[in-house]
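1. Dropping the sequence and predicted coords here.
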Amino acid sequence: MTDLPGIVITGASGRMGQMLIRTVLDSPRARLVGALERTGHDWIGRDLGEAMGGAPINLAVTDDPLEAFARAHAVIDFTAPAATVEFAGIAAQARCVHVIGTTGFSDDDLHAIGAAARHATIIRAGNMSLGVNLLVQLTRKVAAALDEDFDIEVIEAHHNQKVDAPSGTALMLGEAAALGRGVRLDDVSDRGRDGITGKRQRGHIGFSAIRGGDIVGEHDVMFAATGERVILRHIATDRAVFARGALKAALWGQGRKPGEYDMMDVLGLNEN
Ligand SMILES: NC(=O)C1=CN([C@@H]2O[C@H](COP(=O)(O)OP(=O)(O)OC[C@H]3O[C@@H](n4cnc5c(N)ncnc54)[C@H](OP(=O)(O)O)[C@@H]3O)[C@@H](O)[C@H]2O)C=CC1
Ligand SMILES: O=C(O)C1=N[C@H](C(=O)O)C[C@H](O)C1
């Protein structure tokens, strides 16, 4: 039992934090050794099981990342960009695998995470589900097969609490479409159309974001030509798909050399 990899969950009270805690507690392949919240949060010092509304599990929620990470083999982190950048440095110090599901990073944030990956094993993906990572591969292939007569549009829908747009998944899909087309996404990306935008430019990749209710996560990649459309779609109805992927990544990362990996590496989809 004690030989199982020990996992710490950050953002323990969050939507994904709670889902990750349940996933690790239910897993026969890992054990939960820490749950982190920010200083001042009313869960700090409380038993995690009770804080989540259940029976005690004899694990107190902490606000000390270094102490928690030092006891762990992996930290699974679905929080916010500023927190994740800080955790990346601490996980590198503690020599534990850092699985990053957080989205909405700036270029500077990504640079800092890349620097931490020189000393630590980091697995980062804007979407940890098997289905979306397959969709990313399909998007690259369809974009390579269809020419610029097909306008590419990425449309995503999420719950009304989401703070970043486009979603991390939409950006992964946009990058895959650009790769298939042999262009840089930054050169062809159309975001946030509003007002007199002018006609759509041939070869551009558009992004649209819907926010409402409790939508877990829905993504379409539309290839629209004159007279026909191809639409690739993924619908997540349960956050468990992200949590299962994240735990798989944490286990896959054990014993890997430092560097930045993604879910394609974990799922063995990179060669296809
Ligand atoms: N890659 C993937 O597969 C998926 C990624 N995500 C991403 O995961 C992230 C979290 O999503 P979700 O769970 O819905 O969000 P929530 O807002 O429900 O949870 C975020 C948690 O992180 C904590 N947090 C935020 N900032 C800090 C900080 N500076 N220090 C410590 N803790 C902090 C929050 O605490 P507090 O409440 O005190 O602010 C909260 O507990 C988002 O970026 C989202 O896009 C989500 C689902 C799947
Ligand atoms: O914030 C969310 O909820 C989600 N975020 C990720 C993203 O930005 O793509 C993944 C998933 O769609 C849910």
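-> Now that the structure is in, tell me what you want to look at. Ligands and ions are numbered 1, 2, ... in the order given.
2. give me the number of residues near the closest residue to ligand 2 within the stretch 101-250 of the chain?
-> Of all residues in the stretch 101-250 of the chain, Gly217 sits closest to ligand 2, at 2.8 Å by Cβ to the nearest ligand atom. Placement of C-beta: from N, CA and C, glycine included. For Gly217, the number of neighbouring residues by other Cβ atoms under 10 Å comes to 23.
3. Wait, it touches Ser167, no?
-> Yes: using Cβ atoms under 8 Å, Gly217 makes contact with Ser167 at a distance of 7.1 Å.
4. Alongside ligand 1, which residues does the stretch 1-150 of the chain contribute?
-> For the stretch 1-150 of the chain, the residues in contact with ligand 1 (Cβ under 6 Å from any ligand atom) are 11, 13-17, 38, 41, 78-80, 82-83, 101-104, 125-128.
5. Where helices are concerned, which of these count?
-> 15-17, 82-83 (DSSP state H).
6. Quick check on those: which are buried?
-> 15-17, 83 (16 or more other Cβ atoms under 10 Å).
7. Need the mean per-residue confidence for whatever helix or strand Ile210 lives in.
-> Using DSSP states H and E, Ile210 maps to strand 205-211. The pLDDT scores in strand 205-211 average 98.
8. mind listing what the following helix or strand past that strand pairs with, with the direction of each?
-> Sequence order places strand 217-225 as the next helix or strand after strand 205-211, per DSSP H and E. Counting by DSSP bridges, the strands paired with strand 217-225 are strand 151-158 (antiparallel), strand 228-236 (antiparallel).
9. Can I get the ones you listed in a markdown table including mean neighbour count?
-> As requested, those are exported to a markdown table (neighbours: other Cβ atoms under 10 Å):
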| stretch | mean neighbour count |
| --- | --- |
| strand 151-158 | 23 |
| strand 228-236 | 14 |
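10. Now mean pLDDT too, for those, in TSV please.
-> TSV is the format used below for these (pLDDT from 0 to 100):
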stretch	mean pLDDT
strand 151-158	98
strand 228-236	98
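11. so which of these gets nearest Asp194?
-> strand 151-158 (15.7 Å; Cβ to Cβ).
12. how does the protein divide into domains?
-> According to the TED database, the chain comprises the domains 6-128+239-267, 130-236.
13. so, in contact with ligand 2 or not, the first one?
-> Yes: counting by Cβ under 6 Å from any ligand atom, ligand 2 is contacted by domain 6-128+239-267 at 103, 126-127.
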